[in-house]
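here is a sequence with its predicted model. Questions after.
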Amino acid sequence: MTTGINYGSLMHQAMRGLIRTVLEGVQTDGLPGDHHFFITFDTGHPDVEIADWLSDRYPGEMTVVMQHWFDNLEVSKDGFAVTLNFGDAPERLYIPFDAVLTFVDPSVEFGLRFESTDGEGSEDGPLVPAPRPLSQKPASDETEDDTSQPERKDAEVVSLDTFRK
């Protein structure tokens, strides 16, 4: 019997569901506009399927880019498969959503980082404020006569570990 609600685990599930939904849209309609993804995953995850030479070259983690050239994107409940080009050598990869460590779309300054899931079954930690959207500024930063262009920031990666003990 659990002693509380494991919000960290629930957040991870929800954010992986968000990645699944985004990739399903790309599978159906392609990448819209300037969107592109940097996806880092654990190459040692037992369900990852990549060529031996890739796992030898990237024994811990690997980052792939889905932008100009990718083919045969297939999204399932548990992961996605895609063919990517590695130096004019197409390779098929299967990446379970549980193996994803980061998902970043720099075109819109959006990113997710998944920390180690060890101990996800433990009690919840203290409540912390939810992160605010990138477009929202705190009230103290607002000025009435600010006509300058907003400063462009690098993509912000949100760590979900903030919500766990």
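Received the coordinates, thanks. Residues are numbered from 1 along each chain as shown.

from here on, just use CA atoms for contacts and neighbour counts.
Noted.

can you tell me the SS state at Q13?
Secondary structure, DSSP: H, G, I helix; E, B strand; the rest coil: Q13 is helix.

all strands of this protein, in order?
Ranges of strands within the chain are 37-42, 61-66, 70-75, 79-85, 90-96, 100-105, 110-113, 158-159, based on DSSP state E.

looking at those, which is nearest to Q27?
Closest of those to Q27 is strand 70-75, at 5.7 Å (criterion: C-alpha to C-alpha).

among the strands of the chain, which is nearest Y7?
Y7 lies closest, by C-alpha to C-alpha, to one member of the strands of the chain: strand 158-159, at 13.5 Å.

can you tell me the average pLDDT over the closest one?
Here strand 158-159 scores 54 as its mean pLDDT.

please apply the same query to stretch 99-115.
Stretch 99-115 shows a mean pLDDT of 88.

same question for it: list its buried residues.
99-106, 110-114 (16 or more other C-alpha atoms under 10 Å).

cool, stretch 16-33 as well?
R16, I19, R20, L23, E24, V26, Q27, L31.

may I have stretch 62-73 as PDB, with CA atoms only?
Taking Å, rounded to 0.1, in the frame of the first residue of the first chain, the C-alpha atoms of stretch 62-73 are listed here in PDB:
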ATOM      1  CA  MET A  62      23.000   9.400 -27.600                       C
ATOM      2  CA  THR A  63      21.300  12.500 -29.000                       C
ATOM      3  CA  VAL A  64      19.500  12.300 -32.300                       C
ATOM      4  CA  VAL A  65      18.100  15.200 -34.300                       C
ATOM      5  CA  MET A  66      14.800  15.000 -36.200                       C
ATOM      6  CA  GLN A  67      14.900  17.900 -38.600                       C
ATOM      7  CA  HIS A  68      15.700  17.700 -42.300                       C
ATOM      8  CA  TRP A  69      16.100  14.000 -43.000                       C
ATOM      9  CA  PHE A  70      14.100  11.200 -41.200                       C
ATOM     10  CA  ASP A  71      11.900   8.600 -42.500                       C
ATOM     11  CA  ASN A  72       9.400   5.900 -41.500                       C
ATOM     12  CA  LEU A  73       8.400   7.500 -38.200                       C
END
